[in-house]
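Enquirer: 3D, please:
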Amino acid sequence: MKKNDWRKVPTANWGHQREMRADPPPAERALWRAIRANQLGAHFRRQHTVGPYIVDFCAPREQLVIEVDGHTHGGDQAGAADQRRDGYLRSQGYRVLRFTNDEVLRTLDGVIAEIKRILELGSPPSLTGGIKGG
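Expert: Next comes the predicted model:
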């Protein structure tokens, strides 16, 4: 994050980050354990603030954000909000990977393989996807 971007962080995010780290959903908990165990060659942070947003996982040096989407991300309104969020993150130089809770819980090895693949690609200007790509 650029030094000036700290001014964009809503004060309420700081307490909310701690709450989210203390009691993550099962899919986020499983992915965090897998990321830590697989030693992906990148330092990831959980519930990391990027501008006005708190992202599920972030590897700041590699400019990679990973979001794990629950059932609330399925509607049109949530999809539009996710697009705005992803647009902001990409404008800050981040690549964004989105996986559903179901993908993480059912195909964790595939999710980890996709994260490794993206990390090996380096830092293209813009990339979104999940196991299915896209």
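Enquirer: Every contact and neighbour count from this point should use C-alpha atoms.
Expert: Noted.
Enquirer: What's the separation between Ile66 and Leu119?
Expert: Using Cα to Cα, to the nearest Å, one gets 12 Å for the distance from Ile66 to Leu119.
Enquirer: So between these two, which is more surrounded?
Expert: Higher neighbour count among Ile66 and Leu119: Ile66, with 23 against 18, using other Cα atoms under 10 Å.
Enquirer: What strand or helix carries that one?
Expert: In the assignment (DSSP states H and E), Ile66 maps to strand 64-69.
Enquirer: Quick one: mean pLDDT for that strand?
Expert: Mean pLDDT, computed over strand 64-69, is 95.
Enquirer: Report the buried residues of the helix or strand containing Cys58.
Expert: Taking DSSP H and E as the criterion, the element that holds Cys58 is strand 53-59. Neighbour-count burial for strand 53-59, counted by 16 or more other Cα atoms under 10 Å, picks out Tyr53, Ile54, Val55, Asp56, Phe57, Cys58, Ala59.
Enquirer: which one among these gets closest to Gln39?
Expert: Of all those, the one with the least separation from Gln39 (Cα to Cα) is Ala59, at 12.5 Å.
Enquirer: Contacts for the strand holding Ile66 next, please.
Expert: Outside strand 64-69, the residues that touch it by Cα atoms under 8 Å, 6 or more residues apart in numbering are 27-28, 55-59, 94-101, 104.
Enquirer: Strands of this structure, residue ranges please.
Expert: For the chain, the strands defined by DSSP state E occupy 45-50, 53-59, 64-69, 95-100, 128-129.
Enquirer: Tell me the spacing between the nearest residue to Arg85 once chain neighbours are set aside and Val111.
Expert: Of all residues not flanking Arg85 in the chain, Tyr53 sits nearest, at 7.6 Å (Cα to Cα, 6 or more residues apart in numbering). Tyr53 is 23 Å from Val111, where distance means Cα to Cα.
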